[in-house]
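**Student:** quick one, what's the 3D model for this:
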Amino acid sequence: MDAHLFLTLYIGIIGLLVGSFANVCVHRIPRGESVVSPRSQCPNCQHLIAWYDNLPILSWLLLGRKCRYCKHPIAWRYPLLELTMGLMWASIVWFYPVQSYNPVFLAQAISLVTLLWILTLIDLETFLLPNALTFPGIALGLAFAAYFDFFLDSLIGAVAGYGIFWLVARLFLMFTGKEGMGQGDFKLLAMLGAYMGWQAIPFIILLSSLTGAVIGSMALIISKKGLRAEIPFGPYLAAAGVIWFFWSAPILHWYQGLFM
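**Tutor:** Prediction:
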């Protein structure tokens, strides 16, 4: 077997296993529960899940998509998160040029998409972006930046990411008397700035705002809830951050060609 293909499959399998743990994070972190104790249990009957019933995707299929003990349906989110995590990890390795292989860059990319995917699912379910994930994400981003020698850009990005959204929220509150954005969004943008430097901030804000406005408008029309409908902003930030992280070079090339 080709070495690159073997590494891709190997990392993809690890991603599946991490996806299983990520499900625990999505369920427990917003509730302020430990992610290591107690062992995984059915959210309906609280029966502890044996290791053979906790194999990524496979156990879900073998159990007929139901808990072994209470027969309560197992949500699609669990295998979906496991599968997408495995595919994302494998894709990062597969499309990464072998000739410039750098395990630290792979660790940076994998840690970023993992954190963003977990945060996205939590935000969609609970409208929360927990400090237990964003703060370690900021620290990781700064650490990778120090290794790749752009620590100052990373630090400015973290401060600017938080500060810009904080200022926007304060101005919105001042003029409308309403909270327009949660502090979790401040910290998520700070995390993205830490991972990629201040240069990424304008693009992330622009793309996430445009995407959020378009999809948000469609959601408001469909839901018929008017301006009272709540739409989490974190997923848009996460998507824009991933796009910049992997495709900033062609985006900048296209932008320069557009005006030069």
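
**Student:** quick one: mean pLDDT for the helix or strand hosting Ala160?
**Tutor:** Using DSSP states H and E, Ala160 maps to helix 151-176. If you average the pLDDT over helix 151-176, you get 93.

**Student:** run the chain-centre distance for the helix or strand following that helix.
**Tutor:** Downstream of helix 151-176, the next assigned helix or strand under DSSP H and E is helix 183-196. Offset of helix 183-196 from its chain centre (Cα atoms, centre = their mean, to the nearest Å): 11 Å.

**Student:** same question for stretch 133-141.
**Tutor:** The chain centroid and the centroid of stretch 133-141 are separated by 12 Å under Cα atoms, centre = their mean.

**Student:** got it, and stretch 171-186?
**Tutor:** On Cα atoms, centre = their mean, the centre of stretch 171-186 falls 23 Å from the chain's centre.

**Student:** what about that stretch, start to end distance?
**Tutor:** One end of stretch 171-186 to the other measures 14 Å (Cα to Cα, to the nearest Å).

**Student:** in it, what counts as buried?
**Tutor:** Burial within stretch 171-186, assessed by neighbour count using 16 or more other Cβ atoms under 10 Å, is assigned to Gly182, Gly184, Asp185, Phe186. Using the backbone N, CA and C atoms, a C-beta is placed for each residue, glycine as well.

**Student:** need the contact list for Gly15.
**Tutor:** Gly15 makes contact with Met85, Gly86, Leu87, Met88, Trp89, Ala90, Ile110 under the criterion Cβ atoms under 8 Å, 6 or more residues apart in numbering.

**Student:** helices - which of those land there?
**Tutor:** Met85, Gly86, Leu87, Met88, Trp89, Ala90, Ile110 (DSSP state H).

**Student:** dump the residues you listed into CSV; add pLDDT, neighbour count and distance to Ala22 as well.
**Tutor:** What follows is the ones in helices among the contacts of Gly15, written out as CSV (pLDDT from 0 to 100; neighbours: other Cβ atoms under 10 Å; distance: Cβ to Cβ, whole Å):
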residue, pLDDT, neighbour count, distance to Ala22
Met85, 96, 27, 6
Gly86, 96, 23, 11
Leu87, 96, 15, 13
Met88, 96, 19, 11
Trp89, 96, 26, 11
Ala90, 95, 20, 15
Ile110, 96, 19, 12
